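Undergrad: predicted structure and sequence below. I'll ask about it afterward.
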Amino acid sequence: MKTFTKILMIMFAMFMSSCNKGNEAVAQTTMSQKMYLTIDGVSKPVTLYNNAATQALVARLEDGNVTVTLNSSGGFEIWGALGFSLPTSNEQITAQPGDVILYNGSNICLMYGSNSWSYTRLGHIDALNESELRSFLKAGESNIEVTLSLQATTQPTSNTLVIYYSYTNKCHEIVQTLTSQIDADVLRIYPADKNQQYEANGYAIGMQLLNTINANPNSADSYPEIDPVSTSLDEYNTFIIVTPLWWSQMAAILQTYLFHHGAEMAGKNVGLIVSSHSSGISGVVADAERLIPDANWMGDALWINNANHGNRATLIQNWLTDINYSAISTIIEDVNIDSNNALKGIYNLNGQRLRQVPETGIYIENGIKKIATKK
Ligand SMILES: Cc1cc2nc3c(=O)[nH]c(=O)nc-3n(C[C@H](O)[C@H](O)[C@H](O)COP(=O)(O)O)c2cc1C
């Protein structure tokens, strides 16, 4: 009987040690070099693990970007051939949403769900939740062109960029409503620390973060860390900032982004939408003016509180009319004037930036009016 118990214990220990191996694999070291995935002109950063496969992949991408055609499969991934092989260190793992995986040495899998298989880990797409992953990776679709690169290659599709942070998704809903009314690209800011409970202990952590900023607002060290952002602001002429109110101020996480990038909005159109439970927003307006000192403010900020959040579609529509959004954001002269005073890029006559020359009709390229006729 004793021997039997001993055997059971040894088997249990062996089982635990094989589980631990799995856990060790999860805690791999990462590279400082990011990889970018670009789909439909939108780039997202990938944190790469440091292994023989990623070292070979980075070396390959140093020679130029790689575009692959991937297909949805199994309800959890898009995958397909890389066109070359990488060294494998396969192990049985359960890949999670956001994981970037090497399968069979020469296929790349981008996960929007989970699956257990013998894989080599390459990396993890930064800071996208499952529904954002499904939309970015075009889950369920076929023949999805994905470009792998070492630099972000996002092409703006609009003159306007909406920049927001959201903790309990009220601002997220506001942005969804806003972008159903205007054509805009969207940038969501995420805290580096995903485990903070800002509302814990009577919202004390949120208050601590703001107190640190208020004590020394000119020091980068005062601002909580956020996930890296690859979006360039250069190509946009209009920004709409959507922020929660915390303790009558701008939420600390968004303050970090604006502390580093607010100056890049100098001379450009900026609008502000603030979501609070019930407090008035003058403190948030003051934060925005401090962090984006030379903005061309588009009218007064829009305040959406808990009581009228359900009515946001009408509030946003009226605000866009009040600030004369469509006229302001499409003034072509405001966009990208280079040293020769020529306008970079291709625009339609409404001032909306185009990705390519249209098949027919009048357009403006680098400041010169042209006519496209179908051949
Ligand atoms: C740390 C913290 C502090 C807050 N302080 C206030 C406040 O002083 N007054 C108020 O009306 N709402 C306050 N709120 C509530 C948020 O402003 C409100 O719920 C907002 O709609 C949240 O937006 P979000 O869901 O996009 O994060 C606070 C929320 C948090 C997390």
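TA: Noted; the coordinates are in hand. Residues are numbered from 1 along each chain as shown.
Undergrad: which residues does residue 129 contact?
TA: Contact analysis of residue 129 by CB atoms under 8 Å, 6 or more residues apart in numbering lists nothing. All C-beta atoms are positioned from the backbone trio N, CA, C, and that covers glycine.
Undergrad: and the helices in the stretch 201-350 of the chain?
TA: 252-261, 282-291, 312-322, 325-329 (DSSP state H, counting those that start in this stretch).
Undergrad: for residue 53, give its distance to residue 227.
TA: 24 Å (CB to CB, to the nearest Å).
Undergrad: tell me which residue of the stretch 1-150 of the chain lies closest to the ligand.
TA: residue 129 (13.9 Å; CB to the nearest ligand atom).
Undergrad: what's the answer for the chain, then?
TA: For the chain, CB to the nearest ligand atom, closest residue to the ligand: residue 206, 2.2 Å.
Undergrad: contacts only, for that residue.
TA: Residue 206 neighbours (CB under 8 Å, 6+ apart): 198, 199, 246, 247, 251, 252.
Undergrad: just to revisit the earlier point, now the residue of the stretch 1-150 of the chain closest to the ligand: how far from residue 95?
TA: 16 Å.
Undergrad: all strands of the stretch 201-350 of the chain, in order?
TA: 238-246, 249-250, 269-276, 296-297, 302-305, 346-347 (DSSP state E, counting those that start in this stretch).
Undergrad: who does the last one pair up with?
TA: Just to be clear, that refers to strand 346-347. strand 353-354 (antiparallel), strand 361-365 (antiparallel) (DSSP bridges).
Undergrad: quick check: pLDDT value at the closest residue to residue 81 other than its chain neighbours.
TA: Nearest residue to residue 81 in three dimensions, chain neighbours excluded: residue 107, at 5.6 Å (CB to CB, 6 or more residues apart in numbering). In this prediction, residue 107 carries a pLDDT score of 97.
Undergrad: likewise for residue 293?
TA: Reported pLDDT for residue 293: 95.
Undergrad: contacts only, for it.
TA: Going by CB under 8 Å, 6+ apart, the list of residues near residue 293 reads 262, 263, 266.
Undergrad: get me the contact residues on the stretch 151-300 of the chain for the ligand.
TA: Within the stretch 151-300 of the chain, the residues that sit near the ligand (CB under 6 Å from any ligand atom) are 166-171, 198-199, 203, 206, 244-248, 275-279.
Undergrad: buried subset of those residues?
TA: Neighbour counting by 16 or more other CB atoms under 10 Å classes 166, 167, 170, 171, 198, 206, 244, 245, 246, 275, 276, 279 among these as buried.
Undergrad: which residues of the chain score low on pLDDT?
TA: For the chain, residues meeting the criterion pLDDT under 70 lie at 1-27, 153-157, 330-344, 348-353, 355, 359-362, 367, 369, 373-375.
Undergrad: domains for it, by residue range?
TA: 30-149, 160-329, 334-372 (automatic domain parsing).
Undergrad: tell me which element residue 55 falls in.
TA: In this assignment (DSSP states H and E), residue 55 forms part of helix 52-62.
Undergrad: now the residue of the chain closest to the ligand: how far from residue 167?
TA: Distance from residue 206 to residue 167, by CB to CB: 9 Å.
Undergrad: pull up the overlap in contacts between these two.
TA: With CB under 8 Å, 6+ apart, residue 206 and residue 167 have common neighbours 198, 251.
Undergrad: following the helix or strand hosting residue 163, which helix or strand comes up?
TA: Per DSSP H and E, residue 163 falls inside strand 160-164. The C-terminal neighbour of strand 160-164 among helices and strands, as given by DSSP H and E, is helix 170-181.
Undergrad: end-to-end on stretch 98-110?
TA: Length of stretch 98-110, first residue to last, CA to CA, to the nearest Å: 7 Å.
Undergrad: buried stuff in it?
TA: Residues of stretch 98-110 classed as buried by neighbour count (16+ other CB under 10 Å): 98, 99, 100, 101, 102, 103, 107, 108, 109, 110.
Undergrad: quick one, what contacts the closest residue to residue 125 other than its chain neighbours?
TA: In this structure, residue 125 finds its nearest non-sequential neighbour in residue 98, 4.4 Å apart by CB to CB, 6+ apart. Listed by CB under 8 Å, 6+ apart, the contact partners of residue 98 are 111, 112, 124, 125, 128, 133.
Undergrad: repeat that with 6 Å
TA: 124, 125, 133 (CB atoms under 6 Å, 6 or more residues apart in numbering).
Undergrad: quick one: which of those is nearest residue 43?
TA: residue 125 (10.9 Å; CB to CB).
Undergrad: you'd agree that closest one is up against residue 46?
TA: Yes. With contact defined as CB atoms under 6 Å, residue 125 and residue 46 form a contacting pair (5.3 Å).
Undergrad: tell me which element residue 123 falls in.
TA: Going by DSSP H and E, residue 123 is part of strand 115-125.
Undergrad: okay, now residue 313: neighbour count?
TA: Residue 313: 13 surrounding residues under other CB atoms under 10 Å.
Undergrad: ok, the nearest residue to it once chain neighbours are set aside to residue 322 distance?
TA: The shortest distance from residue 313 to any non-neighbouring residue, by CB to CB, 6+ apart, is to residue 177 (5.3 Å). Applying CB to CB, the value for residue 177 to residue 322 is 16 Å.
Undergrad: neighbour count for those two, which is higher?
TA: Comparing residue 177 with residue 322 by other CB under 10 Å, the one with more neighbours is residue 177, at 17 against 12.
Undergrad: assign a three-state SS to residue 131, would you?
TA: The assignment at residue 131 comes out as helix when based on DSSP: H, G, I helix; E, B strand; the rest coil.
Undergrad: same deal with residue 28?
TA: coil.
Undergrad: list the contacts of it.
TA: residue 49.
Undergrad: if we use 10 Å, what do you get?
TA: Taking CB atoms under 10 Å, 6 or more residues apart in numbering, we find residue 28 in contact with 48, 49, 50, 51, 54, 89, 121, 123.
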